[in-house]
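# predicted model and sequence below, questions to follow.
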Amino acid sequence: MMVLCFCSATGRAQQDDDLLPPPPDAQAINQQGVYHLALVVNHYETGLVIPVQRRDGGLWASSADLQRGGIPVDKLPQGDIALASLPESEYRYDSVNQKLLLTVPKEWVPEREVTFGNGNPRVVARSGQGALLNYDFYANSTEGGTRQASVWHELRFFNDTGSLSSTGTVRQNLGGADGQPQGYTRYDTTYSINQESSAITWSLGDVISDGLSWSNSVRVGGITVGRDFSLRPDLVTWPVPVFSGEAAVPTSVDLFINGYRTGSSQLEPGPFTLTNLPYVNGAGDAVVVTTDALGRQVSTTLPFYVASELLQAGLNDGALTLGALRRNYGIKNFDYGPAVGSASWRHGVTDYWTAETHLEGAESLALGGVGSLVKLGQFGVANGAWTHSRVRGRAGEQINWGYQYSASRFNLATQHTRRSQYFSNLALYDLPAPVAEDNQPVASLSRSSAQYSLSYNMGEFGNLGAAWLDIESFDDKHTRLVNLFWSKNIWANSSLYLSASHDPARDGWSMAMSLQIPLGRLHSAAVSVESTPDGGSTQRVNYNRAMPSDGGFSYNLAYARQSRDPDYQQATLGWRNNKLEAQGGVYGDRESYTSWGELRGALVMMDNKLFAANQINDAFAVISTDGQPDITVNFENQPVGKTDNDGYLLISGVTAYYPANYSIDTLDLPADTRIKETDRRLALRRNSGYLVEFPMEQERVVNVILHDENNAAIPVSSQILRRGQPPTLVGYDGLAFLESVGEYNVLDVTLPDGRQCRATLVLDKPRSHRLETEGPIICKGLAP
């Protein structure tokens, strides 16, 4: 008999269990655990994951982690902080999403900037190395009168450092112009260096001094250095409106400027400021519309006034010029006078106040002035300036003041200037001025001037404007003029313009009426009527065909009937392609006609190649397709021409510092050409050119037809392996496309069922750049 007893065994098991540690206490773990939680402050996802400890039923976090989450340091003690001890704050542990939800007073939350769009991104301007010659040949001949010919030129050299430019004219009298000047006349020769990072331009040679609205500029042979904000189109130099608010929950915001929606963005809870607003100027209204998650909308209307004449707070602008005054400009080539200096400086003290100063000096001249521009809230901008000068022992003063207000429908401006008799500046310093009774020079500037202008947009009733000008000289002579105008768009984009002007010192009014009538995309007609007290009445009719943007013909025909002079006729014919522009015509009356002709363009040397192009006033780009001819080139997504036999195309109408898009049409490329990129976005420096290259690689490509030993097509989806090349799949009818093939190619083919075979592709030299088809080629080695 067998007796089984489980008692002793059970007893031993219980003894062994007593030797094990006790099971963990879940409640104790919760009381002492460390969690890594996502930090959310006032519903805002900070993106931080911080360690949080549970002690004695509460949550603790370090001061440093809360500071990184945006809590001000002055609200937090050092070290570990019991979240329950934070004043005026609440917290909650979201165990499902593993988040720490912290609510603090709104004053603790930092203000966040909300940017509309991408703004004006900073661009890196580029410049190559080369030279160009702009030319303009002009000739005319008058019946029984003069015959002349002239050539204007600009010779420019440039590289990545700067540009050197020289301009001048060669004039030749061909008959009937005895005594008139001829020969070569030099205008300006200047070397310029542009520093885009600091928006500063250095110019050496023939320069023009910088002036403010209440000072004058002069031509100087010397050096000038100053701010040039046109080098940085990404900068907005004037104060722009800023709209602030607060969102309690996640919200979307839409901004409307003068009724037009200009941007939209998402807001996180907390204070916010809307920045990077679109360009606006003058008075207007901004409507901020916020929409929460439940669809509730709040609309707030905020008036604003933007003055582009002001500088942002802390921004500086100015220039310094040193050299010798230029004399007889356009008459003598190298005629310079006394040494002079000029300096201007502007500073944005606040967004409402811009301070200005201007200094000039010479051996017997000292001039200094200060000015201000002040924004009067929503009511426009007031300006004022005071200038004191001392010339050859005589002192003089100039006072300027004015006011401008601009709105979408209403514009008002006034400007006043008053001077004392002996006020002078560099513009008058080197002139043979008249003298007074005491043999002291008398300034040729006016004693006083006053200008008033007013315009009003009446909507469907057109635009109405008025202007008044009053100038008084030191000999008590007045020049006064009142001008009135009205314009309106009528049918089919036609426009009507009426104007009237009157000088109170003379009898009668001058009246003018003009009607502009567009006739399609290129054609237009105009009819005008004029009447003046001195010139009588004139009726004109004009028909014009504009020059197409991609080249072609243009012409202009005009006829004028004049009450006091013979009738006037004019006819002009023009033609342009991408290499030059030619014009010619005739004008005058039946007693004397003048015929003329003009030819203008540019010659460019770059990348050791000479190009002909239209005149280049700013920057240009040379497109290189690595020797591939007849490739269509696009500029700003518009075709501008095809590359020449050497694979080049010059684009002349490029605006400096604008990031333009250059691309090529790959459909024009041969089938055996590989290209890494088909478009590039580049910004070019002023007065420079750049070689935009699209590198290409030539590789032989073929279509091959593969058959098995029974002359049946290799099955679809079979795989072709070649040494050093990626796998290629076989299509229908055994056709496969192979890239980078040589004269001798071994093709290892694996069929869908796993069987393998081998084919050999032997090619002759390429017959053309077109896609060739070879085969059928037998793939040998398949098992039966």
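In hand now; what should we look at? Numbering: from 1, shown residues only.

# and the helices in the stretch 51-200 of the chain?
When assigned using DSSP state H, counting those that start in this stretch, the helices of the stretch 51-200 of the chain occupy the ranges 63-68.

# that one: strands as residue ranges?
Along the stretch 51-200 of the chain, counting by DSSP state E, counting those that start in this stretch, strands occupy 58-62, 80-82, 90-94, 99-103, 112-115, 125-126, 130-142, 147-158, 163-175, 183-195, 200-208.

# rounded mean pLDDT for the shortest one, please.
Pointing back at strand 125-126 there. Model confidence over strand 125-126 averages 90 on the pLDDT scale.

# just stretch 72-86 next, same as before
Averaged across stretch 72-86, the pLDDT comes to 80.

# so what's the residue found closest to T532 once you drop the neighbours it is linked to in the chain up against?
Ranked by CB to CB, 6 or more residues apart in numbering and with sequence neighbours excluded, the top spatial neighbour of T532 is S510, at 4.5 Å. Bear in mind the C-beta positions are built from the backbone N, C-alpha and C, glycine included. Residues touching S510, when contacts are defined by CB atoms under 8 Å, 6 or more residues apart in numbering, comprise 500-502, 530-533.

# any idea which element S510 lies in?
strand 509-519 (DSSP states H and E).

# CA-only coordinates of that strand in PDB, if you can.
Presented in PDB, the C-alpha positions along strand 509-519 are these (Å, rounded to 0.1, in the frame of the first residue of the first chain):
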ATOM      1  CA  TRP A 509      -6.200 130.000 -67.000                       C
ATOM      2  CA  SER A 510      -4.400 127.100 -68.600                       C
ATOM      3  CA  MET A 511      -6.700 124.200 -69.200                       C
ATOM      4  CA  ALA A 512      -6.100 120.600 -70.300                       C
ATOM      5  CA  MET A 513      -8.100 117.600 -71.000                       C
ATOM      6  CA  SER A 514      -6.800 114.100 -71.800                       C
ATOM      7  CA  LEU A 515      -8.600 110.900 -72.700                       C
ATOM      8  CA  GLN A 516      -6.700 107.600 -72.700                       C
ATOM      9  CA  ILE A 517      -8.300 104.700 -74.500                       C
ATOM     10  CA  PRO A 518      -6.600 101.200 -74.400                       C
ATOM     11  CA  LEU A 519      -7.300  99.100 -77.500                       C
END
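
# isn't S342 up against L359?
Yes: the criterion here is CB atoms under 8 Å, and S342 meets it with L359 at 7.1 Å.

# these two - which one has more neighbours?
Higher neighbour count among S342 and L359: S342, with 28 against 16, using other CB atoms under 10 Å.

# which helix or which strand is home to the more buried one?
Under DSSP H and E, the secondary-structure element containing S342 is strand 336-350.

# now do that strand against strand 200-208, angle only.
Taking axes from the mean of the first three to the mean of the last three CA atoms, to 10 degrees, strand 336-350 and strand 200-208 form an angle of 140 degrees between their directions.

# this protein: helices as residue ranges?
Defined through DSSP state H, the helices belonging to the chain, from first to last, are 7-18, 26-32, 63-68, 426-429.

# pull out the buried residues from the third one.
By that I understand helix 63-68. Along helix 63-68, the positions that meet the burial threshold by neighbour count (16 or more other CB atoms under 10 Å) are 63, 65-66.

# next, count neighbours for Y187.
Around Y187 sit 15 other residues, with neighbours defined as other CB under 10 Å.

# scratch that, T760 is what I was asking about
By other CB under 10 Å, neighbour count at T760 equals 12.

# need the nearest residue in space to it, chain neighbours excluded.
Nearest non-adjacent residue to T760, counting by CB to CB, 6+ apart: V746, 5.9 Å away.

# for the one you found, what are its contacts?
Contacts of V746 by CB under 8 Å, 6+ apart are 722-723, 758-761.

# widest-spaced pair of those residues?
Based on CB to CB, the longest span within the contacts of V746 runs between R723 and A759 and measures 14.1 Å.

# tell me what E45 is bridged to.
Here E45 shows beta-bridge partners V40, assigned using DSSP bridges.

# and the gap between it and H36?
When CB to CB, to the nearest Å is applied, the distance between E45 and H36 equals 16 Å.

# between these two, which has more neighbouring residues?
Between E45 and H36, E45 has the larger neighbour count (other CB under 10 Å), namely 13 against 10.

# right, and the more buried one touches N97 too?
No: under the criterion of CB under 8 Å, E45 lies out of contact with N97, with a separation of 10.9 Å.

# next, show the common contact partners of these two.
Taking CB under 8 Å, 6+ apart as the contact rule, the neighbours common to E45 and N97 are A38.

# for the closest residue to L573 other than its chain neighbours, what are its contacts?
Across the structure, with CB to CB, 6+ apart as the measure, the residue nearest L573 apart from its sequence neighbours is Y555 (4.9 Å). Taking CB under 8 Å, 6+ apart as the criterion, Y555 is in contact with 544-545, 571-574.

# likewise S299?
With CB under 8 Å, 6+ apart as the criterion, the residues that contact S299 are 287-289.

# beta partners for it?
With DSSP bridges as the criterion, S299 is bridged to V289.

# swap in R545?
On DSSP bridges, the residues paired with R545 through beta bridges are H523, Y555.

# residues near it, how many?
18.

# next one: E356
Summarising burial for E356: neighbours were counted as other CB under 10 Å, giving 23.

# model confidence score at the residue nearest to it when sequence neighbours are not counted, please.
Distances taken as CB to CB, 6+ apart put G371 closest to E356, at 4.0 Å, once the chain neighbours are dropped. For G371, the pLDDT comes out at 96.

# G371 is in contact with N383, isn't it?
Yes: at 6.8 Å, G371 and N383 qualify as touching, with contact defined as CB under 8 Å.

# and for those two, which residues touch both?
With CB under 8 Å, 6+ apart as the test, G371 and N383 both reach N400.

# circling back to that earlier point, could you give me the PyMOL syntax to select whichever of the contacts of V746 are buried?
To isolate the buried subset of the contacts of V746 in PyMOL, counting by 16+ other CB under 10 Å, use the following:
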select buried, resi 722+759+761
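
# dump the contacts of V746 into CSV; add distance to G330 and pLDDT as well.
CSV is the format used below for the contacts of V746 (distance: CB to CB, whole Å; pLDDT from 0 to 100):
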residue, distance to G330, pLDDT
R722, 72, 88
R723, 74, 84
R758, 83, 91
A759, 80, 91
T760, 79, 89
L761, 74, 88
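
# tell me the phi and psi of L311?
With angles defined as degrees, to the nearest 10, L311 shows backbone torsions of phi -110, psi 150.

# list the beta-bridge partners for the residue nearest to it when sequence neighbours are not counted.
Distance criterion CB to CB, 6+ apart; nearest residue to L311, sequence neighbours excluded, is G348 at 3.4 Å. Partner residues in beta bridges with G348, using DSSP bridges, are T354.

# number of residues surrounding the spatially closest residue to M606 that is not a sequence neighbour?
For M606, the nearest residue in space outside its immediate sequence neighbours is G130; the separation is 3.6 Å by CB to CB, 6+ apart. With neighbours defined by other CB under 10 Å, the count for G130 comes to 22.

# same check on the one 10 residues further on?
For N140, the count of nearby residues is 19 (other CB under 10 Å).

# wait, doesn't it sit right on S150?
No: when contacts are counted by CB under 8 Å, N140 is not listed as touching S150 (9.2 Å).

# ok, the residue nearest to E356 - contacts?
Residues touching G371, when contacts are defined by CB under 8 Å, 6+ apart, comprise 212, 214, 355-358, 383-386, 400.
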